[in-house]
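> Sequence plus predicted model, see below.
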Amino acid sequence: MRERTKLIKPSATLRISALAKELAKQGKPIVNMSAGEPDFNTPKHIVESAMNALREGKHFYTPTRGIPELLEAIAEKVNRENGIPAKPENVIVTCGAKYAIFLATQVLLDEGDEVILLDPAWVSYEANVIMAGAKPVWVKHDESFKDAPIEDHITSKTKMIIINTPNNPTGVVYSKDFLKKVADLAVDHDLYVLSDEIYEKIVYEGEHISIASFNGMFERTITVNGFSKTYAMTGWRLGYAVASEEIVRDMNKVQSHSISHPTSFVQYAGITALKCDQSFVDEMVKVFKRRRDKVISGLDKLGIKYVYPMGAFYVFMKVWKEFAEKFLENEFVAVTPGEAFGSYADWVRVSYATSDANVEEFLNRLERFMEKF
């Protein structure tokens, strides 16, 4: 593992974050457009359910995979909403969706395996592949960012394809046709697909489709999801994976020897999130859509190229190398460098999961910055 960790790239996101914090200490008026978390409080009924669980003494060890009631709620949810034929035995609850990705890569990948990543993508996929001893193979999207020549990069060593829809950083929602292509390749070449669906509820155009719902895909797909984006529960660290019983059993072995299980009372909050009123989610998505429209209208006005975001809460825009550092140093606006997502060093990701005031200020400062540079 020591040698593997040397292969993991330093975080470009943390570099900008550290610089932003230093400027903030100096009293500079920082506008943070880099955070990948909703700027909403967790709904009160979810918070109250966790507090009630504590009051009721539900703060002891739980089963490693998660409490039965939450496993059942997740299985019911993915059956009803995603068309995934899961039973509670197909579910494992984890400390955030990121840990579900870690578990899946640890149990399915071996030294020398290759994993296809679609460029641009969240760089933590690459880190998890490397930590498992496998080799990440980056495949660049076409100009639409909605398709990629995956078939040209499959070899005898390919073991897995990782997809993320809606996508971070582009906001693209993959079409049924593209997902069908991925599914066909997975079946034809006997591959696993890890499908990160953490932004599934934040969709403005198009339709979120779970690839595990396709014929022949349930047994070879690990569907990863969680509560952080949909229910503004980032700090709660609650996620899950849905897969075959065999894969879930192996993931559970690793979980039992690492974190034991997710926090007990947080799991009860997860049940409430899934089973109670969902109007909060609808309202949050409306706000995000309004902010998205404002941001892309501003970029259109400035003539800046970007990927049209159909979901999530990001805009991926084309600028130039060192833009993120220069923008922060000159206008005190933090955005995420494109190198944090693969080979797109001359792009940046802008998150509009922030206040309307910050969105307005970002556009004002961006216009001023573009006039200067």
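Yes, it's here. Residues are numbered from 1 along each chain as shown.
> all strands in the stretch 201-350 of the chain, in order from the N-terminus.
Using DSSP state E, counting those that start in this stretch, the strands of the stretch 201-350 of the chain run over residues 221-226, 239-242, 306-307, 314-318, 333-334, 336-337, 347-351.
> Skip the chain neighbours and tell me the closest residue to Phe265.
Ala53 (4.0 Å; C-beta to C-beta, 6 or more residues apart in numbering). Any C-beta I mention is one placed from the backbone N, CA and C, and that applies to glycine too.
> Give me the distance between the one you found and Asn358.
Separation of Ala53 from Asn358 (C-beta to C-beta, to the nearest Å) stands at 34 Å.
> Quick check: buried residues in stretch 105-120?
105-109, 113-120 (16 or more other C-beta atoms under 10 Å).
> which ones among these are found in helices?
Among these, the members falling in helices (DSSP state H) are 105-108.
> Looking at the residues you listed, spot the one nearest Cys95.
Checking these against Cys95 with C-beta to C-beta, the nearest one is Gln106 at 14.1 Å.
> Now do the buried residues in the helix ranked longest in the chain.
Identified as the longest helix of the chain according to DSSP H is helix 279-302. Neighbour-count burial for helix 279-302, with 16+ other C-beta under 10 Å as criterion, is recorded at 280-281, 284-285, 287-289, 291-292, 294-296, 298-299.
> For those, give me CSV that also has distance to Lys326.
Output for the buried residues of helix 279-302, formatted as CSV (distance: C-beta to C-beta, whole Å):
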residue, distance to Lys326
Phe280, 38
Val281, 37
Met284, 32
Val285, 33
Val287, 30
Phe288, 28
Lys289, 30
Arg291, 24
Arg292, 25
Lys294, 24
Val295, 20
Ile296, 22
Gly298, 19
Leu299, 18
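> what's the helix or strand of the chain with the lowest mean pLDDT in contact with?
Of all helical and strand segments in the chain, the minimum by mean pLDDT, DSSP states H and E falls on helix 2-6, at a mean of 75. With contact meaning C-beta atoms under 8 Å, 6 or more residues apart in numbering, helix 2-6 is reached by 130-131, 133.
> ok, back up a step: with the ones in helices among the buried residues of stretch 105-120 in mind, which one is nearest to Phe313?
Scanning these for proximity to Phe313, where the rule is C-beta to C-beta, the winner is Thr105, at 25.7 Å.
> got a list of what Val172 touches?
Val172 touches 145-146, 165-166, 307-311, counting by C-beta under 8 Å, 6+ apart.
> Where does the prediction get shaky in the stretch 1-150 of the chain?
For the stretch 1-150 of the chain, the stretches with pLDDT under 70 are 1-2.
> What ranges does it have for its helices?
Listed in chain order, the helices of the stretch 1-150 of the chain (DSSP state H, counting those that start in this stretch) span 2-6, 12-25, 44-55, 68-82, 97-108, 123-131.
> Give me whichever of those helices is most buried.
helix 97-108 (a mean of 24; mean count of other C-beta atoms under 10 Å).
> Determine how far that helix lies from the middle of the whole chain.
13 Å (C-alpha atoms, centre = their mean, to the nearest Å).
> Ok, stretch 229-237 next?
Taking mean C-alpha positions (C-alpha atoms, centre = their mean), stretch 229-237 and its chain are 12 Å apart.
> before we move on, what about stretch 37-45?
So, by C-alpha atoms, centre = their mean, the centroid of stretch 37-45 is 17 Å from its chain's centroid.
> Extract the C-alpha trace of it and format it as CSV.
Taking Å, rounded to 0.1, in the frame of the first residue of the first chain, the C-alpha atoms of stretch 37-45 are listed here in CSV:
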residue,chain,number,x,y,z
GLU,A,37,-22.3,20.1,-0.9
PRO,A,38,-25.8,21.6,-0.7
ASP,A,39,-26.0,24.9,1.2
PHE,A,40,-29.2,23.7,2.9
ASN,A,41,-29.7,22.5,6.5
THR,A,42,-30.7,18.8,6.9
PRO,A,43,-34.5,18.8,7.2
LYS,A,44,-35.7,19.0,10.8
HIS,A,45,-37.7,15.8,10.7
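> Now do the buried residues in that stretch.
Going by neighbour count (16+ other C-beta under 10 Å), the buried part of stretch 37-45 is 38-39, 42-43.
> Now the residues you listed in CSV, please, with extra columns for distance to Val315.
Formatted as CSV, the buried residues of stretch 37-45 follow (distance: C-beta to C-beta, whole Å):
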residue, distance to Val315
Pro38, 16
Asp39, 16
Thr42, 25
Pro43, 26
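> and the two most separated of those?
Within these, Asp39 and Pro43 form the most distant pair, 14.0 Å apart (C-beta to C-beta).
> I'd say Pro120 and Pro169 touch.
Yes. Proximity of Pro120 to Pro169 meets the contact threshold set by C-beta atoms under 8 Å, at 5.7 Å.
> which residues are common contacts for the two?
Joint contacts of Pro120 and Pro169 (C-beta under 8 Å, 6+ apart) are 316, 338, 341.
> neighbours around the first one, how many?
Summarising burial for Phe316: neighbours were counted as other C-beta atoms under 10 Å, giving 26.
> got a list of what it touches?
120, 145, 169-171, 306-307, 309, 338, 341, 344, 347-350 are the contacts of Phe316 under C-beta under 8 Å, 6+ apart.
> quick one: it from His153, how far?
Using C-beta to C-beta, we find Phe316 at a distance of 22 Å from His153.
> Then the second one?
For Gly338, the distance to His153 under the criterion C-beta to C-beta works out to 21 Å.
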